[in-house]
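Engineer: Pasting a predicted model and its sequence here:
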Amino acid sequence: MFFSKKSKSLQIMSPVDGIVEAIETVNDPVFSQKMIGDGFAIFPESQEIYAPVNGVITNIFPTKHALGMVSETGVEVLLHFGIDTVELKGEPFEILVTENQTVTADTKIALIDLEKIAEFDKEPDILVILTNQDQYSSIELVASNKVAHQDTVAKVSIK
């Protein structure tokens, strides 16, 4: 008798109300060429950012333009707020969580000032990148067009 290993999966929720974008279309080669990992982007229509998975906040960048977290399944998730926004030195961002804080997909983790990002002529895309590629075998986008935060955007097969 053969036993099959039950495959584990992880659902990634939209961290913000907005429009789903394939990672390949993002206007930054580091992300579009998946140099850091695979994922997706959301063009935000809201200033409220939520955790895309249940997990723990592991890193908050000093410039507040990004934060890292680890899901309950061990997948590392990088949330990056905007394109080239590190240059803004945290000005348009308010982080609402702390490192080592446990969060769920309904935890509001940040606020972004979309008008301020536009004033600096930066793109506001919210990027969700899975960085430890050795932990998952595939990521499949299951949503397109308009989504609300907490809508499932991607399903990840865990190794």
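Structural biologist: Cool, the structure landed.

Engineer: Contacts only, for Thr25.
Structural biologist: Thr25 is in contact with Ser32, Ala41, counting by C-beta atoms under 8 Å, 6 or more residues apart in numbering. Glycine gets a C-beta too; all of them are placed from N, C-alpha and C.

Engineer: Just say helix, strand or coil for the residue nearest to the spatial centre of the chain.
Structural biologist: The centroid of the chain falls nearest to Val128 when counting by C-alpha atoms, centre = their mean (2.3 Å). Val128 falls in the strand class when you classify it by DSSP: H, G, I helix; E, B strand; the rest coil.

Engineer: Let's see the pLDDT reported for it.
Structural biologist: We note a pLDDT of 98 for Val128 in this prediction.

Engineer: any idea how far Pro15 is from it?
Structural biologist: Val128 is 6 Å from Pro15, where distance means C-beta to C-beta, to the nearest Å.

Engineer: Might you report the residue contacts of Asp17?
Structural biologist: By C-beta under 8 Å, 6+ apart, the contact list for Asp17 reads Pro44, Glu45, Ser46, Glu48, Val147, Ala148, His149.

Engineer: Using a markdown table, please lay out those together with secondary structure and distance to Asn27.
Structural biologist: Formatted as a markdown table, those follow (DSSP: H, G, I helix; E, B strand; the rest coil; distance: C-beta to C-beta, whole Å):
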| residue | secondary structure | distance to Asn27 |
| --- | --- | --- |
| Pro44 | strand | 15 |
| Glu45 | coil | 18 |
| Ser46 | coil | 21 |
| Glu48 | strand | 23 |
| Val147 | strand | 20 |
| Ala148 | coil | 24 |
| His149 | coil | 23 |
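
Engineer: Give the ChimeraX command for selecting the buried subset of the residues you listed.
Structural biologist: With 16 or more other C-beta atoms under 10 Å as the burial test, the buried ones among these are selected in ChimeraX as follows:
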select :44,46,147,149
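
Engineer: got the buried residues for the longest helix that the chain contains?
Structural biologist: Longest helix in the chain, counting residues (DSSP state H): helix 114-119. The neighbour-count check on helix 114-119 (16+ other C-beta under 10 Å) flags Ile117 as buried.

Engineer: Good, we can wrap up now.
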